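1. Following is a predicted model, sequence given first.
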Amino acid sequence: MAFPVTDLEEARRFYTGVLGCKLGRESENWIDFDFYGHQIVAHYNEAMPECPTSAVEGKQVPTRHFGLLLERDEWQRLASKLTALDIDFLIPPHIRFEGEPGEQATLFIQDPSGNGLEFKSFASDDDIFATD
């Protein structure tokens with residue numbers, strides 16, 4: 001996953017300091033991060049486009065976002081860490097689709113450049129694509 005950022009140093013601080021990513025390769029225009037075992041690449045971009053939203057269960061979800069599925073205990077640790085760091089949530093930690101197929105714990109934040117990030121957890125891997 002490659003994504004734009006307006007400040008590489010600010011991205012470095014956020015992805016390593018807040019999210020705990022390890023650094024990979026880098027140049028003056030991009031930085032690789034180990035995002036929970038997945039490679040993501042922040043590319044310098046002078047400006048960020050606006051990000052539209054879409055209503056999901058009465059909350060405005062950024063339509064352009066990326067994120068991860070985490071085990072529930074790891075998701076809870078991250079949610080607690082972000083809360084303790086007083087990170088502004090786009091959508092605070094909560095259970096979405098409660099009692100329905102696909103019930104999930106979810107939260108949305110933004111990185112310093114405005115990229116939407118979703119972290120979610122299902123009770124079981126069987127629930128990830130459940131429809132009934």
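-> All right, it came through fine.

2. what about the most centrally placed residue in the chain, which helix or strand?
-> Per CA atoms, centre = their mean, the C-alpha nearest to the average position across the chain is that of Leu117, at 2.4 Å. Leu117 is part of strand 116-121 when elements are defined by DSSP states H and E.

3. Give the other helices and strands that that strand contacts.
-> strand 59-62, strand 65-69, helix 72-84, strand 104-110 (3 or more CB pairs under 8 Å, 6 or more residues apart in numbering; DSSP states H and E). All C-beta spots, glycine's among them, are computed from the backbone N, C-alpha and C.

4. could you redo the last one with a cut-off of 6 Å?
-> Judged by 3 or more CB pairs under 6 Å, 6 or more residues apart in numbering; DSSP states H and E, strand 116-121 is in contact with strand 65-69, helix 72-84, strand 104-110.

5. what does that strand contact?
-> For strand 116-121, contacts defined as CB atoms under 6 Å, 6 or more residues apart in numbering pick out 62, 65, 67-70, 72, 75, 78, 104-110.

6. In this model Asn45 seems to touch Pro4, though I could be wrong.
-> Yes - using CB atoms under 6 Å, Pro4 is in contact with Asn45, at 3.5 Å.

7. Now for the protein, the helix or strand with the poorest mean pLDDT.
-> Least confident helix or strand of the chain, by mean pLDDT, DSSP states H and E, is strand 59-62 with a mean of 86.

8. Which strands or helices does that one pack on?
-> Helices and strands touching strand 59-62, by 3+ CB pairs under 6 Å, 6+ apart, are strand 53-56.

9. Give me the average confidence score over the strand it packs on.
-> What strand 53-56 shows for mean pLDDT is 88.

10. Alright, I will stop here.
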